[in-house]
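Visitor: Please find the sequence and the predicted model below.
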Amino acid sequence: MNIIVKDIDRQSAEVLTFIEEHGEGLNALYRAAFANPFIEPSKSVETSAKVPVGARTIPLSIVLEEVVETLLAMIGSMGSDFPDHFDAREVDASLRWYAARITDLQRS
């Protein structure tokens, strides 16, 4: 899935690269946490990043912040909701990693 969007700002380009490389992992965490096989937070982030800055109704930083807040809220509370083959510590580590990376993108 090569994402090609012309005339985007640096932050949007970085977000799109991140989503291309790590979006499915992010989606997998959400799907397991919310027991919803159709949830795709990467799509809302990607869609927002593709909209030109001046045309956005919601700033990209706010979209990213909402994802981070959701990830952080899941830490420590989601272990029992994941299938048995998920280790709660690994899930929490994954949640922290995604939250940290997305925070980095939010600040870029």
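Guide: Yep, it's here.
Visitor: Remind me what the helix ranked longest in the chain packs against, helices and strands.
Guide: Across the chain, the longest stretch assigned as helix under DSSP state H is helix 10-34. With contacts taken as 3 or more Cβ pairs under 8 Å, 6 or more residues apart in numbering; DSSP states H and E, helix 10-34 sits against helix 41-50, helix 60-74, helix 88-107. For the C-beta atoms, the positions are set from N, CA and C on the backbone; glycine is no exception.
Visitor: Quick one: closest of those to L16.
Guide: With Cβ to Cβ as the measure, helix 41-50 is the member of these nearest L16 (5.1 Å).
Visitor: Now do the buried residues in the closest one.
Guide: For helix 41-50, the neighbour count (16 or more other Cβ atoms under 10 Å) marks P41, S42, V45, E46, S48, A49 as buried.
Visitor: Counting by contacts, list what it packs against.
Guide: Using 3+ Cβ pairs under 8 Å, 6+ apart, helix 41-50 is in contact with helix 10-34, helix 60-74.
Visitor: Going by contacts, tell me the helices and strands next to the last one.
Guide: Right, helix 60-74. Applying 3+ Cβ pairs under 8 Å, 6+ apart, one finds that helix 60-74 contacts helix 10-34, helix 41-50, helix 88-107.
Visitor: These: which one's closest to E65?
Guide: helix 88-107 (6.2 Å).
Visitor: any idea of the mean pLDDT in that closest one?
Guide: The pLDDT scores in helix 88-107 average 92.
Visitor: what inclination does that helix have with respect to helix 60-74?
Guide: 160 degrees (axes from the mean of the first three to the mean of the last three Cα atoms, to 10 degrees).
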